[in-house]
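J.: could you work out the structure for the sequence below:
(2 chains)
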Amino acid sequence: MGNSNLLGRNENQPGCAAITRPLRRSLELNAWLALTTATYVVALLLMKHHPDWSPGWKATLTLTPILPGLLYLRKGIQLLREMDELQRRIQFEAWLFAAFGTVIVNTVINVFNAQGLDVKWLEHGLEVGGTYLTMLILWSVGIVIANLRYR
Amino acid sequence: MKNRLKELRAERQWSQGELAERLGVSRQTINSIETGKYDPSLPLAFKISLLFKQPLELIFEPGPI
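T.: Numbering: from 1, shown residues only, chains lettered A, B, ... in the order given. Predicted structure coming up:
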């Protein structure tokens, strides 16, 4: 095996692949997210400025962001598979925290609204954008908590 | 679960980063195992056993059942 470790990596280059690879993967992941968002915004703008377009065209435009979205998802799964077992557990705990947290936040808002205590800006619940934002915030909090736990 | 990872690593004068690199995991994983905050999976435990050339039961000690 020579200088190679258990995974067959060359020990003469310690940490080289371990440091740069996750960073590159994260950048690729964010690039796909940016492309998905840009496609969505362009599709919305086109539909706003061309209300006369046929329903077929509008449906095609609406579905266009799904393609880069799927590639974003693929990259995310790839990133998850390349993580080591502790990192994967941290991600799992953070996502679980985000999912349950979002459900709780949404339920509380809906209960308030049902009781007539309309929450300002949230009279219709979190809606799609609010749900994504809440999940993102709670996921970030979850990552911090899990990292503190396994520090 | 208790383990002798820190002791075995110290015997070889390896840093946590070096051991992490040899096992293909992050330094955080090594630190969490050493401090008992995280129990490794069976494949990782076997990798550790193979690296230190010691049987599993001499590295890891089960907690109360």
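
J.: tell me where chain A has helices.
T.: Taking DSSP state H as the test, the helices found in chain A are A:16-49, A:55-63, A:66-82, A:85-114, A:127-149.

J.: got it, and chain B?
T.: Under the criterion DSSP H, chain B contains helices at B:5-11, B:16-23, B:27-34, B:42-52, B:56-59.

J.: and A:Leu45, which of these is closest to it?
T.: With CB to CB, the closest approach to A:Leu45 among the helices of chain B belongs to helix B:27-34: 43.2 Å. Every residue, glycine included, has its C-beta placed from N, CA and C.

J.: now do that closest one, average pLDDT.
T.: On average, the pLDDT along helix B:27-34 is 95.

J.: sorry, back to before: can you list the helices of chain B in CSV and add mean neighbour count?
T.: Formatted as CSV, these follow (neighbours: other CB atoms under 10 Å in any protein chain shown):
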stretch, mean neighbour count
helix B:5-11, 15
helix B:16-23, 20
helix B:27-34, 21
helix B:42-52, 16
helix B:56-59, 13
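
J.: picking that back up, adding mean pLDDT, write the helices of chain A out as JSON lines.
T.: Converted to JSON lines, those look like this (pLDDT from 0 to 100):
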{"stretch": "helix A:16-49", "mean pLDDT": "81"}
{"stretch": "helix A:55-63", "mean pLDDT": "89"}
{"stretch": "helix A:66-82", "mean pLDDT": "90"}
{"stretch": "helix A:85-114", "mean pLDDT": "93"}
{"stretch": "helix A:127-149", "mean pLDDT": "91"}
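
J.: nearest to B:Phe52, out of these?
T.: helix A:85-114 (18.6 Å).

J.: quick check: angle from the closest one to helix A:127-149?
T.: Going by axes from the mean of the first three to the mean of the last three CA atoms, to 10 degrees, helix A:85-114 is angled at 140 degrees with respect to helix A:127-149.

J.: quick one on the thing from earlier: of the helices of chain A, which is nearest B:Glu34?
T.: helix A:85-114 (12.2 Å).

J.: now check that closest one, is it near chain B?
T.: Yes: applying CB under 8 Å from any CB of the partner chain, one finds helix A:85-114 in contact with chain B at A:85-87, A:89.

J.: pull out the buried residues from that helix.
T.: Going by neighbour count (16 or more other CB atoms under 10 Å in any protein chain shown), the buried part of helix A:85-114 is A:86-87, A:89-91, A:93-94, A:97-98, A:101-102, A:105-106, A:109.

J.: how about stretch A:26-42?
T.: Buried residues in stretch A:26-42, defined by neighbour count with 16+ other CB under 10 Å: A:28-29, A:32, A:35-36, A:39-40.

J.: ok, residues contacting it?
T.: A:64-65, A:67-69, A:71-72, A:75-76, A:79 (CB atoms under 8 Å, 6 or more residues apart in numbering or on different chains).
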